[in-house]
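Q: my questions are about this predicted structure, shown below with the sequence.
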Amino acid sequence: MRTVLLLSCILASPAFGQERDYPILDVHVHAHRSPPQRAYCPLSGRIGVTYEDGKPVCDTPLEPAIDGPDLMARTLAYLESYDMYAIAMTQDFSQLESWMEESDRVFPSIQTGVADFERNDVRKLVEAGSVIAIGELMTQYEGISPNSEELNQIWELALAHDLPVGIHMSAPGAQTPSYLASFGDPLLLDPVLKRYPELRLYLMHAGWPFLEETVSILRQHPNVYVDISFIDWQMPRHLFYAYLEGLILYGFEKRIMFGSDQNWPDAIAVAVRGIEEAPFLTADQKRDIFFSNAVRFFRFREAQFMGR
């Protein structure tokens with residue numbers, strides 16, 4: 001029943017059915033076994049949902065997936081309905097394998113931090129060619145600076161196998177004891193990228209709210225891209241649009257990739273609509289953000305997505 005209702009909402013969405021001659025690549029999808037269990041008010045800027053008298057303060061809170069199978073079913077329904085493909089990540093690769101058995105729209109990435117690098121079999125998976133990327137790097141949640149030497153083994157592993165790396169890079173995040181907003185400053189990556197100039201790195205959540213710092217890193221290091229996950233459905237539209245347009249005006253329209261961070265699967269629809277309805281984006285810029293930039297960054301071929 002839930003899947004039927006979900007698909008009804010998808011089909012009723014203004015974004016669904018808009019003419020596109022290309023698919024959408026979502027470079028920030030989670031395949032968790034146990035997704036976060038709190039609702040979110042979309043387009044609010046709030047962390048989670050505030051309740052008054054037992055009711056959420058927003059009219060349409062995004063409900064989390066019930067469990068891992070529910071997250072998979074609801075996410076894959078969106079991928080099919082919106083003609084999307086996903087870079088999906090998790091710390092439990094066996095969970096990700098079940099996603100790939102269900103859909104050929106899923107490309108695997110291994111999520112890790114420093115503490116669980118060995119436990120997550122990151123080196124084994126990379127050396128076996130089982131993943132196309134490393135990420136999401138969760139070092140900010142561990143209270144570890146992105147320029148710490150503790151990450152050198154990850155950078156060097158990625159370079160040795162020519163894999164891109166996605167790193168959580170933003171001031172907001174889950175409220176954990178070790179999380180430091182200051183470690184979301186992209187300028188902290190400058191010495192890393194000087195040391196490893198060939199490293200392909202994407203800043204998840206686009207380094208929000210550090211616009212000038214993100215621009216500085218993009219200008220200095222051509223192998224760095226950003227994804228706009230989470231901020232494209234969680235922030236008020238005018239604030240998200242101001243940040244996105246800032247990146248565009250600075251000339252980085254070819255380095256921005258679409259992402260959802262869909263632990264709340266219905267966030268996908270909100271995020272897609274945000275790009276579709278952005279008044280300052282041209283049709284070519286929308287194609288770049290939705291598709292072409294990710295194809296280039298991950299070294300896909302456009303032809304492999306056409307006519308499937």
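A: Arrived safely, thanks for sending. Because the structure is predicted, anything quoted here is derived from the model rather than measured.
Q: which residues of the protein fall in helices?
A: Secondary structure of the chain, counting by DSSP state H: helices at 2-12, 68-82, 93-102, 122-127, 152-160, 190-195, 211-220, 231-234, 237-249, 267-276, 283-287, 293-298.
Q: how about residues contacting the fifth one?
A: Judged by CB atoms under 8 Å, 6 or more residues apart in numbering, the contacts made with helix 152-160 from elsewhere in the structure are 112, 114, 117, 122-123, 126, 134, 137, 163-165, 192, 195-196, 198-200. Heads up, the C-betas are built off the backbone N, CA and C, glycines and all.
Q: redo that, cut-off 10 Å
A: By CB atoms under 10 Å, 6 or more residues apart in numbering, the surrounding residues in contact with helix 152-160 are 112-114, 117, 122-123, 126-127, 133-135, 137, 139, 163-165, 167, 192-193, 195-201.
Q: please flag which of these sit within strands.
A: Within these, membership in strands is found for 112, 133-135, 137, 165, 167, 201, as judged by DSSP state E.
Q: which residues touch residue 185?
A: With CB under 10 Å, 6+ apart, residue 185 has these contacts: 145-146, 169-171, 207, 210, 213-214, 217.
Q: again with residue 203
A: Residue 203 is in contact with 146, 166-170, 184, 186, 189, 210, 213-214, 217-218, 224-227, 255, counting by CB under 10 Å, 6+ apart.
Q: show the buried residues in these.
A: Neighbour-count burial (16 or more other CB atoms under 10 Å) is assigned, among the contacts of residue 203, to 146, 166-170, 184, 186, 189, 210, 213-214, 217-218, 224-227, 255.
Q: residue 167 contacts residue 133, doesn't it?
A: No: counting by CB atoms under 10 Å, residue 167 sits too far from residue 133 to count as a contact (11.0 Å).
Q: quick check: neighbours shared by those two?
A: With contacts taken as CB under 10 Å, 6+ apart, residue 167 and residue 133 have residue 202 as neighbours in common.
Q: now do the residue nearest to residue 233 when sequence neighbours are not counted against residue 229, distance only.
A: With CB to CB, 6 or more residues apart in numbering as the criterion, residue 233 has its nearest non-adjacent residue at 3.9 Å, and that residue is residue 270. Plainly put, residue 270 is 12 Å away from residue 229 if you go by CB to CB, to the nearest Å.
Q: cool, and residue 218?
A: Per CB to CB, residue 218 is found 17 Å from residue 229.
Q: ok, now residue 39?
A: As it turns out, when the distance is counted by CB to CB, residue 39 lies 18 Å from residue 229.
Q: between these two, which one's more packed in?
A: Here residue 39 and residue 229 are compared on neighbour count by other CB atoms under 10 Å; more neighbours surround residue 229, at 29 against 16.
Q: what number of residues lie near the closest residue to residue 123 other than its chain neighbours?
A: Sequence neighbours aside, residue 157 is the residue nearest to residue 123 in space, at 6.1 Å (criterion: CB to CB, 6+ apart). Other residues within reach of residue 157, judged by other CB under 10 Å, total 17.
Q: confidence score at residue 157?
A: The predicted local distance difference test score for residue 157 is 98.
Q: just residue 60 next, same as before
A: Among the per-residue scores, residue 60 holds a pLDDT of 84.
Q: roughly how far does it sit from residue 264?
A: Taking CB to CB as the measure, residue 60 and residue 264 are separated by 12 Å.
Q: of the two, who's got more company?
A: Taking other CB under 10 Å, residue 60 and residue 264 do not tie; residue 264 has more neighbours (25 against 11).
Q: could you report the neighbour count for the closest residue to the more buried one other than its chain neighbours?
A: For residue 264, the nearest residue in space outside its immediate sequence neighbours is residue 62; the separation is 3.9 Å by CB to CB, 6+ apart. For residue 62, the tally of surrounding residues (other CB under 10 Å) stands at 21.
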